[in-house]
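Undergrad: Quick one: sequence and predicted model below, then my questions.
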Amino acid sequence: MRSSLHSRGAPRGGFTLIELLVVIAIIAVLVGLLLPAVQKVREAAARSQCQNNLKQMGIAAHMYNDTYKKLPTGWVTTEVAPAAAVTPDAKPSPGWSWGTLILPFIEQENLYRSINPNLVDFDDSKPNVKATVTADTATYLSIFNCPSDVLISKTNGLLQNFGKSNYTINREVSGPDANNNPTYLTVATIRDGASNTILIGERDSQINIAAIWAARSSVTSASFEGRPGRGINIPYPGTPPAPTGTGDCIRLTWTSLHPGGANFLFADGSVHFLSAQIDADQSVDGCAYPASNLPGPTGGGYTYQNLVHPNDGRVVRLP
């Protein structure tokens, strides 16, 4: 007969209810202590990836500048509609934007060929063809999306369902001008210096309307361009994001979901994180195009607006 390991009266091993509750409480405390650290690591990784996206765009913009002797235009337009063209359109809306122009320089040559935009940015004698929403122009491209902005949809429903983007270009550098005519600024002809001028910045889709990479939507020019607005990261209070209202510049503001500020690509190809506490014009003038850049507390204008205006003579040198 096999002997039993335990006699009939021996106590059984295991946890008491109180011991189990203590262990659960200890685990809960450890999770509570570790979660903020995990979130910080995750945000640091997202911020780093966002900066890498901008660096790639900077390389693409410089390659474009070297190839065509000008920076990529924010939105492809011509000054006069060609008389000889069958379907001339000087200011197409939707029209192809800077995101489409740099596709061949961000390893998206096949997508560019598939879209076949028939760009005439370099020949004012031909018409500009309107952009259209297709499977190609609705494509999700990771380079145009910041990891901190939770991807609810791969397209931007507020902007005609073109592919979503978290980055907009500084129209004062790229053009077109206030009359929607093309400009031909190069890296070398930025009078305030390429290292002192913002070229591209972030815009999120949760406190703002983000953007699209392929085109200038007919809903608003905020679909491709960014302006100083009234500060970084947190929109000014009192008015919710408005994708259409002409009196509300919040849709044009650079914003992000990174704590404390946003990432920016400067025209020299460098990337900087600018604090939400940066000195900025809080009036409507800070949102205008071109902005008035009224004198600030130091008598030399507002730092944020100075970084946007490429030729105002008020040079801001970042540390």
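TA: The structure has been received and is ready for your questions.
Undergrad: Would you map the strands across the stretch 201-319 of the chain?
TA: 211-212, 215-216, 225-226, 261-266, 271-275 (DSSP state E, counting those that start in this stretch).
Undergrad: Show me what the helix or strand containing Val22 is packed against.
TA: Val22 is part of helix 17-68, with elements assigned from DSSP states H and E. Helices and strands touching helix 17-68, by 3 or more CB pairs under 8 Å, 6 or more residues apart in numbering; DSSP states H and E, are strand 167-170, strand 198-202, strand 261-266, strand 271-275. From N, CA and C alone the C-beta is placed, and that goes for glycine too.
Undergrad: could I get the ones you listed as JSON lines with mean neighbour count?
TA: Output for the helices and strands packed on helix 17-68, formatted as JSON lines (neighbours: other CB atoms under 10 Å):
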{"stretch": "strand 167-170", "mean neighbour count": "27"}
{"stretch": "strand 198-202", "mean neighbour count": "27"}
{"stretch": "strand 261-266", "mean neighbour count": "25"}
{"stretch": "strand 271-275", "mean neighbour count": "17"}
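Undergrad: so what's Ala61 up against?
TA: Leu71, Pro72, Ile102, Phe105, Leu199, Ile200, Leu265, Ala267, Gly269 (CB atoms under 8 Å, 6 or more residues apart in numbering).
Undergrad: Next one: it, what pLDDT does it get?
TA: On pLDDT, Ala61 comes in at 97.
Undergrad: Gly231 and Ile278 touch, don't they?
TA: Yes - between Gly231 and Ile278 there is a contact at 7.4 Å, judged by CB atoms under 8 Å.
Undergrad: The two - which one has more neighbours?
TA: Gly231 (20 against 17; other CB atoms under 10 Å).
Undergrad: How about the more buried one, nearest residue that isn't a chain neighbour?
TA: Distances taken as CB to CB, 6 or more residues apart in numbering put Ala280 closest to Gly231, at 4.7 Å, once the chain neighbours are dropped.
Undergrad: check contacts around the one you found.
TA: Pro228, Gly229, Arg230, Gly231, Ile232, Gly286, Tyr302, Thr303, Tyr304, Gln305.
Undergrad: Hmm, the first one is touching Gln305, no?
TA: Just to be clear, that refers to Pro228. Yes - assessed by CB under 8 Å, Pro228 is found in contact with Gln305 at 5.1 Å.
Undergrad: ok, the nearest residue to Ser218 once chain neighbours are set aside - how many residues close by?
TA: In space, and not counting its chain neighbours, Ser218 is closest to Ser93: 4.3 Å by CB to CB, 6+ apart. By other CB under 10 Å, the residues close to Ser93 number 17.
Undergrad: repeat for Asn179
TA: 8.
Undergrad: quick one: it and His272, what's the gap?
TA: Separation of Asn179 from His272 (CB to CB, to the nearest Å) stands at 31 Å.
Undergrad: go on, Gly261?
TA: Distance from Gly261 to His272, counting by CB to CB: 10 Å.
Undergrad: And Pro104, by the same measure?
TA: 27 Å.
Undergrad: What of Tyr140?
TA: In terms of CB to CB, Tyr140 sits 27 Å off from His272.
Undergrad: Could you list which residues are in contact with Leu274?
TA: Here Leu274 is in contact with Ile232, Gly261, Ala262, Asn263, Phe264, Tyr304, Leu307 (CB under 8 Å, 6+ apart).
Undergrad: How about the first one: what's its closest non-neighbour residue?
TA: Which is Ile232. That would be Ala276: by CB to CB, 6+ apart, it lies 4.6 Å from Ile232.
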